[in-house]
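Student: kindly generate the corresponding structure for this input.
(one chain, ligands or ions: 1)
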Amino acid sequence: MIFIVIYTICALVLFVAITSYVSIQFKINRKAIVIRGSMHSEKTLKKFAQAPGPHPWPIIGNLDRIGRNVHNPFEGLTELAAQYGDIYSLTLGHTRCLVVSSLDLIREVLNQNGKFFAGRPDFLRYHKLFGNDRNNSLALCDWSQLQQKRRNLARRHCSPRESSSYFTKMSQIGCNEVDKFLNELNKIILPGQSLNIKPLILQACANMFSQYMCSQRFQYNDVEFGKVVRYFDEIFWEINQGYALDFLPWLSPFYKNHIQKIVHWSTTIRKFILDRVINEREVNVDFDEPDNDFTDALLKSGIENESVSRNTIIFMLEDFIGGHSAVGNLVMLALGYIAKDRSIGVQIQKEADIISNNGQRRIELNDMKAMPFTMATILEVLRSSSSPIVPHVATEDAVISGFGVTVGTIVLINNYALNTSEQYWDLPKQFNPERFLEKVPHASGKGISKCETRKRRNSEGNYDFDQNDSAKSQPYKFILKKNIPHFLPFSIGKRTCIGQSLVRGFGFILLANIIQRYNVTSADVNTIKINPASIALPANSYSLVLTSRN
Ligand code: HEM
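Tutor: Reported below is the predicted structural model:
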């Protein structure tokens, strides 16, 4: 009897493995069929073979290759690029993937062929985060007319141009909230003691976002608000993780508890937004008055436009308010780097002291240009953390660099390879904001800019500052480099990030004002663990020591 059971199990396993292998091989050998020919010549159907790549196992495909470094799968993708080139294919589970790692190829996918690659993967987790339908989410939905409409609606509010009234509003809201945040911080700081500052930073960011989008802020001791901010942060971490479940959906029974947790976070957030923001606003919206904020614009568009349902409005608000977690994590990362290398904080303080006349006023958004090192620090955090670009999916057969890409293929944009390539960056492993600065002649032709300081690295690789007055006679200053083509933290093309102005604006105000008032250090720098390919930190992250400069 026992032999029959063993025999049956073995036969079953063999059957599954062989079926899986055949199915994977079929997908690998499929050719992309595309129409070739111009308006004037005859159109023909042409077949293109897929890019080569490592040989997959049955069932798991090549998951073993990228799962070797669980903390940084992009390291695995980059290692494979060294072996197979800047474009290669992978099979994750049974899903075909294309990995592109060079700037030209990334442009070819996202710019030249953007319309073929505007889909998103159909991961179970994505559905669970957005009410069982990932198309409710702006970032995780497939491309559609509704998505185009949602992007257009959001752009004016969420991508404010400098000199626009939205930009001024962003500065005022950011500065007012920073005042309240610093008061709150003052209450809980104990000299020399480590502080778990992440929840407070996230609450400050959440208030900036909710005031900007909904003209509403919440008290720091509001328990419900604190919980929702925490859940947003958990989701931000979650969305930045990769799970075997994404490619092996039959594992879902093993992830039951995890999925339940995700659903709990997202339903709690949705209820909060409904109860505390939308319900009241819906009743009071005045259609004859100009839009007061993003919520007004959304509610009015819902009435004017059939395709924008109430659900769409709730999910859009959730998406955009949720953007605060990205900014909060970015600021936390910047503080982490500053705690590791004090000279970075010193340099930001120099800029802040000059611009604010030694702390006579707080830092505002308009000070951004005069504080290039501070902005460079934010950019260097974005480069070092190499936030992964949300995967794209081919919505029809296409061709990249002569290789066929079949419909449904997931395209992984390896901007980690770009951000860590020695071809583009000097000593890419070092955290060095200076790489984003360039020297230009000073406007007056002599003297030194407010932001100018001379720096040199000491034996530990940290900056020493040369306070020598003779530096003031230098006829140049530093400004932020513009348009670095190989630096794409917010991606390019059809699905590029909508929130980048908010990231720069609110991120700058928060970071600059914290550093203006506090020296940031750590009781033990070894606790500052920063993952090289993630903008997200775990919800329970490192503590820091903040010492008032007064
Ligand atoms: C550190 C901060 C942030 C980084 C590094 C970042 C980066 C990105 C990247 C790489 C994408 C994917 C683009 C693509 O698929 O090609 C994206 C999409 C998106 N981001 Fe951001 N983002 C940040 C913050 C924000 C914030 C604060 C908001 C909103 C307030 C936001 C809203 C969006 C939206 C809506 C999309 C989806 C666009 C679409 O798929 O059509 N992001 N972001």
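
Student: pretty sure Ile269 contacts Glu234?
Tutor: No: assessed by Cβ atoms under 8 Å, Ile269 is found out of contact with Glu234, at 10.0 Å. For glycine as for every other residue, the C-beta is placed from the backbone atoms N, C-alpha and C.

Student: Thr521 contacts Val545, doesn't it?
Tutor: Yes: using Cβ under 8 Å, Thr521 is in contact with Val545, at 4.8 Å.

Student: which of these two has more residues huddled nearby?
Tutor: Comparing Thr521 with Val545 by other Cβ atoms under 10 Å, the one with more neighbours is Val545, at 20 against 17.

Student: and the residue of the stretch 451-550 of the chain that's closest to the ligand?
Tutor: Gly499 (2.1 Å; Cβ to the nearest ligand atom).

Student: which residue is the nearest non-sequential neighbour of that residue?
Tutor: Closest residue to Gly499 apart from its sequence neighbours, by Cβ to Cβ, 6 or more residues apart in numbering: Gly323 at 4.6 Å.

Student: what do Thr521 and Val545 both touch?
Tutor: Ala339 (Cβ atoms under 8 Å, 6 or more residues apart in numbering).

Student: all helices for the stretch 1-150 of the chain, in order.
Tutor: 2-29, 63-66, 73-84, 103-107, 124-129, 145-158 (DSSP state H, counting those that start in this stretch).

Student: among those helices, which comes closest to the ligand?
Tutor: When those are compared by Cβ to the nearest ligand atom, helix 145-158 sits nearest the ligand, at 5.2 Å.

Student: quick one: mean pLDDT over the helix or strand following the closest one.
Tutor: Next helix or strand after helix 145-158 toward the C-terminus (DSSP states H and E): helix 165-188. Averaged over helix 165-188, pLDDT sits at 94.

Student: the biggest helix by length in the chain: how far from the chain's middle?
Tutor: In the chain, assigned by DSSP state H, the helix with the most residues is helix 310-340. Offset of helix 310-340 from its chain centre (Cα atoms, centre = their mean, to the nearest Å): 9 Å.

Student: if I take that helix and helix 145-158, what angle do their directions form?
Tutor: Interaxial angle of helix 310-340 relative to helix 145-158 (axes from the mean of the first three to the mean of the last three Cα atoms, to 10 degrees): 50 degrees.

Student: avg pLDDT for the next helix or strand after helix 310-340?
Tutor: Counting by DSSP H and E, the element after helix 310-340 in chain order, helix or strand, is helix 342-355. Mean pLDDT, helix 342-355: 97.

Student: from the ligand, how far out is the nearest residue to Phe116 once chain neighbours are set aside?
Tutor: Nearest residue to Phe116 in three dimensions, chain neighbours excluded: Ala398, at 4.0 Å (Cβ to Cβ, 6+ apart). To the ligand, Ala398 is 16 Å away according to Cβ to the nearest ligand atom, to the nearest Å.

Student: does Ala398 touch Lys115 like I think?
Tutor: No: under the criterion of Cβ under 8 Å, Ala398 is not in contact with Lys115, lying 9.2 Å apart.

Student: between these two, which has more neighbouring residues?
Tutor: Ranked by neighbour count (other Cβ under 10 Å), Ala398 and Lys115 place Ala398 first, with 22 against 12.

Student: bridged to the more buried one, which residues?
Tutor: Bridge pairing for Ala398 (DSSP bridges) gives the partners Val405.
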